[in-house]
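Engineer: Below are the sequence and a predicted model; questions follow.
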Amino acid sequence: MIDIQNMPDERNIDIDRVGIKNVKYPITVRDRANGHQSTVADINMFVDLPRQFKGTHMSRFLETLNIYHGKIDITQFDDMLKYMKRKLRASKAHIEFSFPYFMAKKAPVTKSEGLIDYRCSFKGAVNGDNEIDIVTTIEVPVTTLCPCSKEISRYGAHNQRSIITLSYRSDGFIWLEEMIELAESCASSEIYSLLKREDERYVTEKAYDNPVFVEDVVRAITEKLNSDKRIIWFQVESENFESIHNHSAYAFIERDKRTANQVADLIDVAAGSAAAGVYRR
């Protein structure tokens, strides 16, 4: 049969990314407590397309997923990226997984247990030299209490739900739970899915005793990540959904712990690869 995709295109324009988006697919994620956790990811898969080809073969992206069905997790990213690049005869390939990750958490006083979900993503890229880069991103909901409000008020202080978004590149394996717990430790209080009255009192009093600005949150996390030798690059942002304002408070820090020469040598694997950015390791 005629293969239209492989026919020439005379417009002489390279395409940076072509592929499929928003595919829902079961994946396996490493779970510190249980070994592995099954979840469902929203998946994007792309390759570059040279100017001489009219189109790519969309079915081959799904063929890649089906080949790795039952064994898709972060440890398979290298193989998946290289296979997809080879299968589609591309020089660069990108895969993005976004998924809910669940942790069982016990309430601080009654120890009542419930599940809480965290939004996570893995974004991987491979270049023409088969160099792999992976960025992990985790969104962590927390509680913050305003130090200024506490200082000037006679009764209580205003607090807010906040979202900490932490993206990182690592030299070695890191449990998702480690980064979740690190982020939670830098807020006024972590949050829980199930709280009894005794637990509610504990959480509100803990937050009151530990007020933090949005700036405090990102600085505290940066201190911890700077001292972790496994982390080679990170972005951390915190958004506080203010309870007494019609706006959010926001702070952001990015740090690259690699040397300037390393960064200069390794900077173009996945140029333009979604919010967290993806570069060569």
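Structural biologist: Received, thanks. Residues are numbered from 1 along each chain as shown.
Engineer: Give me the nearest residue to residue 73, chain neighbours excluded.
Structural biologist: On the basis of CB to CB, 6 or more residues apart in numbering, the spatially nearest residue to residue 73 that is not a chain neighbour turns out to be residue 28, at 4.6 Å. Any C-beta I mention is one placed from the backbone N, CA and C, and that applies to glycine too.
Engineer: In terms of helices and strands, where is that neighbour?
Structural biologist: strand 15-31 (DSSP states H and E).
Engineer: gap between the two ends of stretch 68-79?
Structural biologist: Length of stretch 68-79, first residue to last, CA to CA, to the nearest Å: 9 Å.
Engineer: Return the set of buried residues in that stretch.
Structural biologist: Neighbour counts over stretch 68-79 (16 or more other CB atoms under 10 Å) mark 68, 72, 74, 77 as buried.
Engineer: Write down the beta-bridge partners of residue 190, one by one.
Structural biologist: Using DSSP bridges, the beta-bridge partners of residue 190 come out as residue 142.
Engineer: the helices in the chain, which residues?
Structural biologist: Per DSSP state H, the chain carries helices over the ranges 59-67, 77-87, 147-152, 176-185, 197-209, 214-226, 260-265.
Engineer: Just the buried residues of the strand holding residue 28, please?
Structural biologist: Under the neighbour-count criterion of 16+ other CB under 10 Å, strand 15-31 has 17-20, 25, 27-31 buried.
Engineer: next one: stretch 39-56
Structural biologist: Neighbour-count burial for stretch 39-56 flags 39, 41, 43-49, 53, 56 (criterion: 16+ other CB under 10 Å).
Engineer: chain center to that stretch, what's the gap?
Structural biologist: Counting by CA atoms, centre = their mean, to the nearest Å, stretch 39-56 is centred 20 Å from the centre of its parent chain.
Engineer: please renumber so the chain begins at 23
Structural biologist: Got it, the first residue is 23 from now on, which makes the last one we talked about stretch 61-78.
Engineer: pLDDT averaged over it, what's the number?
Structural biologist: Average pLDDT, stretch 61-78: 85.
Engineer: Report the contact partners of the residue nearest to residue 95.
Structural biologist: Shown in contact with residue 50 (CB atoms under 8 Å, 6 or more residues apart in numbering): 58-61, 92-95.
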